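> Return atomic coordinates for the entry below.
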Amino acid sequence: MSKVKTFDDIVSLGVNSIHEHTHISRAKLELLLNKSFGEINRVQFMGFLSILEREYSVNLSSLRDEYDGYLQMNPNQVTSANSAILQAPSNPRIKWVIGGILLIIVLIGFVVLTQNRLSNIPKEEVIVLNTSEVNRTEPALLVDQNSTIDSNVTETNSTVVSEENTTKSSTVQNFGHILRIEPASKVWVGMMDLQSGVKTQKLTSSAIEIDTAKNWLLIFGHGRLKLIGKDSNTTLKERNTAWFAYENGVLTQLTSEQFNLKNKGSNW
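Model prediction:
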């Protein structure tokens with residue numbers, strides 16, 4: 001086990017060896033080891049990775065990032081089959097126990113509700129006493145409560161809108177004149193020439209040299225990147241998908257909404 005350090009080490013063990021150790025089906029292992037992302041749904045894929053990490057004491061977070069990057073760009077190509085490894089076998093006895101507990105809870109709730117209703121029935125003398133006082137004070141109390149609630153709701157809505165606007169504006173960054181982007185680990189990257197609309201994609205751990213004569217849209221499966229410029233370098237440490245626009249010689253990080261707007265909503 002100690003010799004297994006990376007996903008490539010696991011691949012080198014072979015399907016039969018991994019199957020005997022983890023009990024994952026050979027067919028699913030073939031898809032996983034060959035990175036056939038379009039044939040495995042997310043629940044199955046993440047479940048298989050968790051088993052491999054547990055059994056071989058290895059970190060496969062980079063493979064998760066590759067899968068999420070593929071899923072982001074190909075949302076309609078991933079199979080929706082139910083996971084065969086995460087479904088617990090049915091146990092009729094457990095169902096009967098749970099059903100009995102739920103029935104007891106319903107009966108207790110019914111008894112408590114009935115007792116509360118009986119205890120809240122007013123006596124005749126209570127209705128007669130202080131009738132005029134109650135009629136005078138209740139409308140004013142209702143007005144004050146409604147005013148307080150409206151004020152609190154208005155303040156809460158204003159705060160939420162303000163925080164959302166602040167969060168959205170802070171996610172966009174301008175990195176200036178960047179010439180090269182170096183991934184910290186293997187990453188899926190997609191590029192689109194904004195003038196011609198031509199798209200390319202690849203899985204790479206090498207640096208991406210930017211053709212500064214063109215304008216581009218770029219998407220990375222993860223954001224652990226080093227941005228190399230003429231005068232300065234910037235290192236990003238984001239685990240999730242990262243979107244960029246390279247326009248007029250300037251690299252800008254985008255939100256997914258801004259990227260889709262420039263990409264006109266088309267899939268990769």
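> Tell me where the stretch 151-268 of the chain has strands.
Counting by DSSP state E, counting those that start in this stretch, the stretch 151-268 of the chain forms strands over residues 173-176, 178-183, 187-193, 199-204, 208-209, 216-220, 225-229, 233-235, 242-247, 250-254, given from the N-terminal end onward.
> Sheet partners, orientation included, of the first one?
Same thing as strand 173-176. For strand 173-176, sheet partners with direction are given as strand 250-254 (antiparallel), following DSSP bridges.
> now swap in the longest one and tell me
Sheet pairing of strand 187-193 (DSSP bridges) gives strand 199-204 (antiparallel), strand 216-220 (antiparallel).
> State the mean pLDDT of that strand.
Here strand 187-193 scores 90 as its mean pLDDT.
> ok, which stretches of the stretch 101-250 of the chain are helices?
Listed in chain order, the helices of the stretch 101-250 of the chain (DSSP state H, counting those that start in this stretch) span 124-128, 131-170.
> Any regions of the stretch 1-150 of the chain where pLDDT drops low?
Segments of the stretch 1-150 of the chain classed as low confidence (criterion: pLDDT under 70) are 1-2, 77-92, 119-150.
> try 90
For the stretch 1-150 of the chain, the stretches flagged by pLDDT under 90 are 1-5, 37-38, 71, 73-97, 99-100, 107, 109-150.
> So what's the residue count around I208?
If you count neighbours by other CB atoms under 10 Å, I208 ends up with 17. The C-beta positions use only the backbone N, C-alpha and C, and glycine is treated the same way.
> check contacts around it.
Counting by CB atoms under 8 Å, 6 or more residues apart in numbering, I208 makes contact with 180-183, 189, 191, 218.
> Out of those residues, who's the most crowded?
Neighbour tally across the contacts of I208 (other CB under 10 Å): the maximum, 23 neighbours, falls on I181.
> Once you drop chain neighbours, what's closest to that residue?
With CB to CB, 6 or more residues apart in numbering as the measure, I208 is the residue that lies nearest to I181, at 4.6 Å, once sequence neighbours are left out.
> Please apply the same query to Q253.
Counting by CB to CB, 6+ apart, Q173 is the residue found nearest to Q253 once chain neighbours are left out, at 4.5 Å.
> Can you verify my assumption that the one you found contacts L251?
No - distance between Q173 and L251: 9.1 Å, which falls outside the contact criterion (CB atoms under 8 Å).
> Which one of those two is surrounded by more residues?
Summary of the neighbour comparison: Q173 and L251, criterion other CB under 10 Å, with L251 having more neighbours (22 against 13).
> didn't that one look like it was pressed against G176?
Yes - L251 lies in contact with G176 (CB under 8 Å); the separation is 7.1 Å.
> Turn the contacts of I208 into TSV, columns for distance to A242.
Written out in TSV, the entries for these read as follows (distance: CB to CB, whole Å):
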residue	distance to A242
R180	16
I181	10
E182	13
P183	10
V189	10
M191	13
L218	8
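> quick revisit: pick the most buried one from the strands paired with strand 187-193.
The highest mean neighbour count among the strands paired with strand 187-193, using mean count of other CB atoms under 10 Å, belongs to strand 216-220: a mean of 21.
> Pull that one out as CSV, backbone CA atoms only.
Backbone C-alpha positions of strand 216-220 (Å, rounded to 0.1, in the frame of the first residue of the first chain) are rendered in CSV as follows:
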residue,chain,number,x,y,z
TRP,A,216,-9.9,34.7,-25.8
LEU,A,217,-12.2,33.1,-23.4
LEU,A,218,-10.6,30.5,-21.1
ILE,A,219,-11.9,28.0,-18.6
PHE,A,220,-9.9,25.7,-16.3
